[in-house]
Structures are given as C-alpha cells and as structure tokens.
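Participant: Give me a 3D structure for the following:
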Amino acid sequence: MFYWFMKRIIVGPILRLLFRPWVKGMDNVPVDGPAVLVSNHLSFSDSIFLPIAVPRPVIFLAKSEYFTGKGMKGKLTAMFFRLSNQLPMDRSGGAASSSSLSAGEAVLNGGGILGIYPEGTRSPDGRLYRGKTGVAKLVLATGVPVIPVAMIGTDKVQPIGRRIPNIRRIGIIVGEPLDFTRYKGLAEDRFVQRSVTDEIMYELMRLSGQEYVDVYASSVKEKLAAAKNAGKKVPAASTDSQQNAPEVADHADTIRDAKTSARSKLSAITLPGWLTRKK
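Facilitator: Numbering: from 1, shown residues only. Got it, this is the predicted structure:
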C-alpha cells in the first residue's frame, strides 16, 4: 500500500514533473512472471527513478547498512527502505551473502521482479566496474530472464555525497531480455557464473556507453578512502609535495593498469552471435 501510494500519488508525479525522465525500451519488461532487472549504479537516486518508471513493483536488494542504522535517523531510514520494497543485501560474503540471495530467490519464485546492481556499489567515477557473481547465481538457480537497464545522467543529478539533488533530466534505457537457460544444471560452476556475469556487464556497457574497468568498484573505493585518510595526516601548511607523491603515483598506476586490463580483456572476448547480432 505504501509503495503504490508513494509511486502513484506522491513521489512518482513529483519526480516526473521535475526531472522529466525519458525512457526507451520499457516494453522489454515482461507484463507478468519473474525477471531480474540488472542496472548500472551511478547514484543513490537510481533506486528511486527506476522503480517509478517500471509499471510493475520492483523489489531491490539494497546494502544492509541502510537497515542497521543507529538512532532515530537509522530507524526511519530502515523503515523507509522496507516499506519501499527493498531487501537488505549483506555484501560481506559467505553465509550472510547467501542468505541475502535466498531472499531474492524467494521473490523470483513468487513471480516478482527483483532489481539488483551487479557492481555491488555505486560507481566512484561514472565508469562501469566489474560485476559480482551474485546476480549470476540467482539467474542460474531460477532460470528467469535478465533485463539489462542503463541509468543515464543520475550521477549528475545526485553525485556521491550530495543530499539535495540537482534538477536536470535523466534517462532510462531498457535492453532486450537475456536468456541463460542454456546453462541449466551448471549453477554451481564458478566459470559459468563469471561468464554469465561478464555477459551481463557487457550488455550494460553497450547500453550505457560507459567505459568499462575490470576491477571491483569496492576495491577502488577502498583505495581512494585510504589515500584520502593518509592525506589528512599531512599538515595543511606543508609545502613538501613529495610526501603525497607516492600515493598519487600509486593511484594513477592503479587506474592506468585497470584501463589497460579492461581493454585487453574486452578485445579478447569472443562473444556469442546472439549478443552481437545487428539490431
């Protein structure tokens, strides 16, 4: 009730008026039956704009931190996410992550639409990062179609760290369904899981036009946070640029190596005919 009230009466009309989202390919979302919506992740607002645009209810796997906050603010945040059809996703790995994926599997077995961000976190710089195999595990276990979605311009509306969004137009491109039923019986094969995930990421790269980086976004964020924290320890009045030079050089090397690795891996991929067919 809360979900539909917010979508149809309150939030939906306001966002459509202010941000005038353009949508392409929404007819690729099935009118009934289970499906997984996979999307690039540029902004916190992705989880608002996409469910509003899709005619059917979308249940998202959201990071568990949104559900475990302290104090009144944390409780209100957790309540909002639960009422807006979002489930906690533990990203620590192991049994905790498996339990989260089981909750997503239950949504699909019930005939619903599950939304998931294969990158596992927001892009730190607008590029598309390596996908995590959780989405492949879900798809292979259930045999449901995958609907790729590219969010366009949401990082300009609400960049990381910005609470009040900029008013500007955003876009949503929905690609054709991807079918992975040919891998039936191979759900536990890690090579198959990686192959499925990479096919999904290729399609997101094609739809969004983003540069692909073959490293996890979470790893890049950790390195950026470490560099930022290290920089804080340097006295503000210091003029010795050599103190920060090694960190800057290391980060530049990381980005350069990531670009080289991404280009070489993508150029070496032999894609199946169904993925490269002329539209």
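Participant: and G161, that's in a helix?
Facilitator: No - read with DSSP: H, G, I helix; E, B strand; the rest coil, G161 is coil and lies in no helix.
Participant: So for it, what's the pLDDT?
Facilitator: According to the prediction, G161 has pLDDT 84.
Participant: any idea how far it is from E65?
Facilitator: Look at G161 and E65: by Cβ to Cβ, to the nearest Å, they are 15 Å apart. C-beta here means a position set from N, CA and C on the backbone, and glycine is covered the same way.
Participant: For G153, give me the pLDDT.
Facilitator: Value listed for G153 in the pLDDT field: 97.
Participant: okay but G131 is in contact with M201, surely?
Facilitator: Yes - with contact defined as Cβ atoms under 8 Å, G131 counts as touching M201 (4.4 Å).
Participant: what residues are shared contacts of these two?
Facilitator: When contacts are counted by Cβ atoms under 8 Å, 6 or more residues apart in numbering, the set common to G131 and M201 consists of P118.
Participant: which residues in the stretch 51-200 of the chain form helices?
Facilitator: Applying DSSP state H, counting those that start in this stretch to the stretch 51-200 of the chain gives helices spanning 71-83, 94-109, 134-142, 154-157, 190-208.
Participant: Ok, which of those comes nearest G120?
Facilitator: When those are compared by Cβ to Cβ, helix 134-142 sits nearest G120, at 7.8 Å.
Participant: what helices or strands is the closest one leaning on?
Facilitator: Other elements packing on helix 134-142 under the criterion 3 or more Cβ pairs under 8 Å, 6 or more residues apart in numbering; DSSP states H and E are strand 35-39, helix 94-109, strand 113-116, helix 190-208.
Participant: what mean pLDDT would you report for the shortest one?
Facilitator: So that's strand 113-116. Mean predicted confidence for strand 113-116 is 95.
Participant: Repeat that for stretch 87-95.
Facilitator: On average, stretch 87-95 scores 65.
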